[in-house]
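[1] starting from these lines, generate the structure:
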Amino acid sequence: MTDALPATAASTGTDSSQDPSTGPERPARPVVAVAIGRANYPRMFSEAAWATLESFAEVHHHPGDDPAGHDDLLSLLSDADAVITSWGVARLDDEVMAAAPRLMAMAHMGSSVKRFVSDAFWERDPHLTSAGITLARDVAETTLGLMIVGMKRIWPLGRHVAEGGWRDSPVWDRWEARELVRKQVGIVGASNVGRHVIELLKPFEVDILVADPFLDETDAAELGVEKVELSELLSRCDVLSLHAPANPATHHMIDAGGLALMKDDALIVNTARGDLFDEEALIAELSRGRFFAFLDVTEVEPPPVDSPLRHLDNVVVTPHIAGCIENCNRMGELAVEELRRFFAGEPPVYRITREMFDRIA
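    Predicted coordinates:
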């Protein structure tokens, strides 16, 4: 779609009438506030998403181009039954919730809802959904691509050829191309992303090892993976791929001792969170040339300009781009579908409860 809103989407009114004796009536359809900022509409919403949203709700738009800030939410949510949020929208704190007496549902488009909600939000027992499960597909596809490129050593060998080399050199001996097929892949975290990666790996006939304290043996069997402890996974895998959330239990979960267990020629792919590694220990091992790593995330983003991660020839750091960048329409479509289901009394695709917070990113 273009930057302009569809004609019907531009309205911020309701089709309810007003009774002078009772004040404004509740609109005939639920009011859904879109807080993400108009500049983000083409990236986040397809024409189909707008059409569906307008078929069941009165749509109120934050008028600015940028995501709604705190003061913006005070007015935007004053009569909203639900809100659609994404990156950059202000937190639904005590003051915002007090100004939104009818708010009962939130559909979030992004990788994590944690910084957007508050105790005041949960006290209302709201219906919270996340379209991050579609973002998980994007991250998983990027992860698989990095595994293939990493095993083939395309990055170092491509640079070697650009510098005039070919197969018959010490560089080829160091970075001999390999295949992903029938290798042992270690997945840390059977999250939404981790499960998508597992599915994408099936054609490669790999042995998949998973370390996740919340994964039981029945679920592991259904996924077709072997559940192991983290130490065993690190010692056995040819490819290590991280998909765990960032929380106190996972901070530096892979430290110097864990890295010492790994094979010298292992491939590391991290598209999850940078602080899952003890980064100093990781840099030390990478400096010895033991691994090749693709890091889409680092403990400090961006890494310092003098960080070895920017200069070592056996690591590639990308600027947190594993998820959707140019086209996130799938998230917008799911966010709208979740609200349609909620107001129709149908079960959600992916609801988030307060009890889940320790398990999600």
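
[2] was I right about residue 340 contacting residue 49?
    No. Using Cβ atoms under 8 Å, residue 340 is not in contact with residue 49; the gap is 10.4 Å. Backbone N, C-alpha and C define where each C-beta goes, glycine included.

[3] let's see stretch 306-326 as CSV, backbone CA atoms only.
    The C-alpha trace of stretch 306-326 is given here as CSV (Å, rounded to 0.1, in the frame of the first residue of the first chain):
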residue,chain,number,x,y,z
ASP,A,306,37.6,-1.3,18.5
SER,A,307,35.9,-4.6,19.3
PRO,A,308,37.7,-7.7,17.9
LEU,A,309,34.3,-8.8,16.7
ARG,A,310,34.6,-6.1,14.0
HIS,A,311,38.0,-7.2,12.8
LEU,A,312,38.5,-11.0,13.2
ASP,A,313,38.4,-12.9,9.9
ASN,A,314,36.4,-15.7,11.5
VAL,A,315,33.3,-13.8,12.6
VAL,A,316,30.7,-11.8,10.8
VAL,A,317,28.6,-9.3,12.8
THR,A,318,25.3,-8.1,11.2
PRO,A,319,23.3,-5.2,12.6
HIS,A,320,20.3,-7.1,14.2
ILE,A,321,18.6,-7.9,10.9
ALA,A,322,17.5,-11.5,11.2
GLY,A,323,13.9,-10.6,11.5
CYS,A,324,11.8,-8.8,8.9
ILE,A,325,13.1,-5.4,7.9
GLU,A,326,11.5,-4.2,4.7
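
[4] contact partners of it?
    43, 111, 135, 138-139, 142-143, 155-156, 159, 271, 279, 283, 286-287, 289, 291-298, 301-303, 330-331 (Cβ atoms under 8 Å, 6 or more residues apart in numbering).

[5] are any of these buried, and if so which?
    With neighbours counted by 16 or more other Cβ atoms under 10 Å, the contacts of stretch 306-326 contain buried members at 43, 111, 135, 138-139, 142-143, 155-156, 271, 279, 283, 286, 291-298, 303, 330-331.

[6] which of those residues fall within helices?
    Under the assignment DSSP state H, the buried ones among the contacts of stretch 306-326 contribute 43, 135, 138-139, 142-143, 155-156, 279, 283, 286, 330-331 to helices.

[7] any chance of these in JSON lines, plus pLDDT and distance to residue 80?
    Below are these laid out as JSON lines (pLDDT from 0 to 100; distance: Cβ to Cβ, whole Å):
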{"residue": "43", "pLDDT": "96", "distance to residue 80": "22"}
{"residue": "135", "pLDDT": "90", "distance to residue 80": "24"}
{"residue": "138", "pLDDT": "93", "distance to residue 80": "29"}
{"residue": "139", "pLDDT": "96", "distance to residue 80": "30"}
{"residue": "142", "pLDDT": "97", "distance to residue 80": "34"}
{"residue": "143", "pLDDT": "98", "distance to residue 80": "36"}
{"residue": "155", "pLDDT": "92", "distance to residue 80": "48"}
{"residue": "156", "pLDDT": "90", "distance to residue 80": "52"}
{"residue": "279", "pLDDT": "97", "distance to residue 80": "42"}
{"residue": "283", "pLDDT": "97", "distance to residue 80": "47"}
{"residue": "286", "pLDDT": "97", "distance to residue 80": "49"}
{"residue": "330", "pLDDT": "95", "distance to residue 80": "24"}
{"residue": "331", "pLDDT": "95", "distance to residue 80": "20"}
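
[8] what's the farthest-apart pair in these?
    By the measure Cβ to Cβ, 283 and 330 form the most distant pair in those, at 35.5 Å.

[9] which of the ones in helices among the buried ones among the contacts of stretch 306-326 lies closest to residue 209?
    residue 143 (15.5 Å).

[10] residues contacting that closest one?
    By Cβ under 8 Å, 6+ apart, the contact set of residue 143 is 193, 197, 200, 241, 243, 269, 271, 322.

[11] what's around the first one, how many residues?
    Here the count is done by other Cβ atoms under 10 Å, and residue 193 has 30 residues near it.

[12] which element is it on?
    Applying DSSP states H and E as the criterion places residue 193 in helix 192-201.

[13] quick check: residue 216 vs residue 224, distance?
    15 Å (Cβ to Cβ, to the nearest Å).

[14] could you do residue 285 as well?
    From residue 285 over to residue 224 (counting by Cβ to Cβ), the distance is 31 Å.

[15] what's the end-to-end length of stretch 161-181?
    Chord length of stretch 161-181, first to last residue, is 25 Å (Cα to Cα, to the nearest Å).

[16] now the helix holding residue 193: average pLDDT?
    For helix 192-201, mean pLDDT is 96.

[17] mind listing what's buried along that helix?
    Applying 16+ other Cβ under 10 Å to helix 192-201 flags 192, 193, 194, 195, 196, 197, 198, 200, 201 as buried.

[18] would you enumerate the residues in contact with the second one?
    In other words, residue 193. Residue 193 touches 136, 139, 140, 143, 243, 271, 272, counting by Cβ under 8 Å, 6+ apart.
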